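Q: Pasting the sequence and the predicted coordinates here, then a few questions.
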Amino acid sequence: MRGFYIGRFQPYHNGHHSMVERIADEVDELVLGIGSADDSHTTHDPFTAGERIMMITKAVAEYDLTTYVVPLEDINRNAVWVSHVESMCPDFDVAYSNNPLVVRLFEEAGIEVRQSPMFDRDRLEGSEIRQRMIDDESWRDRVPASVVEVIEEIHGIKRLQHVSDSDSLERYTASGESVTESIDDLDD
Ligand SMILES: Nc1ncnc2c1ncn2[C@@H]1O[C@H](COP(=O)(O)OP(=O)(O)OP(=O)(O)O)[C@@H](O)[C@H]1O
Ligand SMILES: NC(=O)c1ccc[n+]([C@@H]2O[C@H](COP(=O)(O)O)[C@@H](O)[C@H]2O)c1
């Protein structure tokens, strides 16, 4: 039996890792879909698809499970998203997600979805971990050791702190002139 587990994994943390450990009891093989693969270098999605492939591949190596890591770009049409996923991935029998939209889309497509309890959610939430990285607070104990190594190798904390520095945004006009303005002055 082959499962599918989708997430943005920004970064892959111990909540995801506990979920994979649990899934490993139920399936022989697991496709790990890296969602929003086209997003990177933002506060919400700091890491590239390639960096997330490294984090996940190294972390799941400790489990007795055949895994396939597949980057999946977002598409601007929910109604065909499941077909998009299926077109990019090895066949799977069951999908794992706690994301309500993902659950709905798979169920409407007739695919079994299994949800899991949230593990230690106060500590193990991507947005909370990213905020701690930005604030130079402790985060290393919330992700697998191999993920710490990848983030250090790619200088991920510096990047995240840089992209989140939205006190002033430097924009360039059509003539190439640089304009610095407050984020409050921007329309979007
Ligand atoms: N602590 C956790 N325990 C169990 N499942 C989790 C946990 N955190 C996230 N998940 C689930 O893993 C999947 C992928 O989650 P995702 O990559 O969005 O992480 P997240 O921690 O929710 O990040 P963010 O705060 O960036 O949205 C989702 O189905 C999500 O509900
Ligand atoms: N239309 C679409 O492109 C579409 C629809 C549903 C989910 N997704 C993606 O699936 C992933 C779901 O992961 P999370 O549970 O981490 O949010 C996200 O990357 C999300 O963007 C994309």
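A: Ah, there it is. Quick caveat: nothing in here was measured; it's all calculated off a predicted structure. Numbers count the residues shown, from 1 in each chain. Ligands and ions are numbered 1, 2, ... in the order given.
Q: residues touching the closest residue to ligand 2 within the chain, list them.
A: Using Cβ to the nearest ligand atom, residue 35 is the residue of the chain that sits closest to ligand 2, at 2.2 Å. C-beta: built from backbone N, CA, C; applies to glycine. The contact partners of residue 35, by Cβ atoms under 8 Å, 6 or more residues apart in numbering, come to 6, 7, 8, 9, 72, 74.
Q: mind checking how far the residue lying closest to it once chain neighbours are set aside is from residue 129?
A: The spatial neighbour of residue 35 that comes closest, neighbours along the chain excluded (Cβ to Cβ, 6 or more residues apart in numbering), is residue 8 at 4.9 Å. Going from residue 8 to residue 129 by Cβ to Cβ, to the nearest Å gives 12 Å.
Q: can you check residue 120 too?
A: Distance of residue 120 to residue 129, given as Cβ to Cβ: 12 Å.
Q: Neighbour count for the two, which is higher?
A: residue 129 (21 against 12; other Cβ atoms under 10 Å).
Q: Out of the contacts of residue 35, name the two that are farthest from one another.
A: Greatest spacing in those, by Cβ to Cβ: 9 and 74 (14.2 Å).
Q: which of these two has more neighbours?
A: Per other Cβ under 10 Å, whichever of residue 9 and residue 74 has more neighbours is residue 9, with 26 against 14.
Q: For the more buried one, which residues are in contact?
A: Here residue 9 is in contact with 16, 34, 35, 52, 55, 56, 126 (Cβ under 8 Å, 6+ apart).
Q: With adjacent residues omitted, what lies nearest to residue 60?
A: residue 67 (5.0 Å).
Q: Help me confirm that that neighbour is found in a strand?
A: Yes. Secondary structure of residue 67 (DSSP: H, G, I helix; E, B strand; the rest coil): part of a strand.
Q: That one is in contact with residue 32, isn't it?
A: Yes. Using Cβ atoms under 8 Å, residue 67 makes contact with residue 32 at a distance of 5.9 Å.
Q: how would you label residue 95: helix, strand or coil?
A: strand.
Q: got a list of what it touches?
A: Contacts of residue 95 (Cβ under 8 Å, 6+ apart): 3, 4, 5, 6, 102, 106, 111, 112, 113, 114.
Q: What is the neighbour count of the third one?
A: This points to residue 5. Counted with other Cβ under 10 Å, residue 5 comes out at 23.
Q: Quick one, grab the pLDDT at it.
A: pLDDT, residue 5: 98.
Q: Secondary structure class of residue 141, three-state.
A: helix.
Q: if we can go back for a sec, among the contacts of residue 9, find me the one that's closest to residue 78.
A: residue 35 (12.9 Å).
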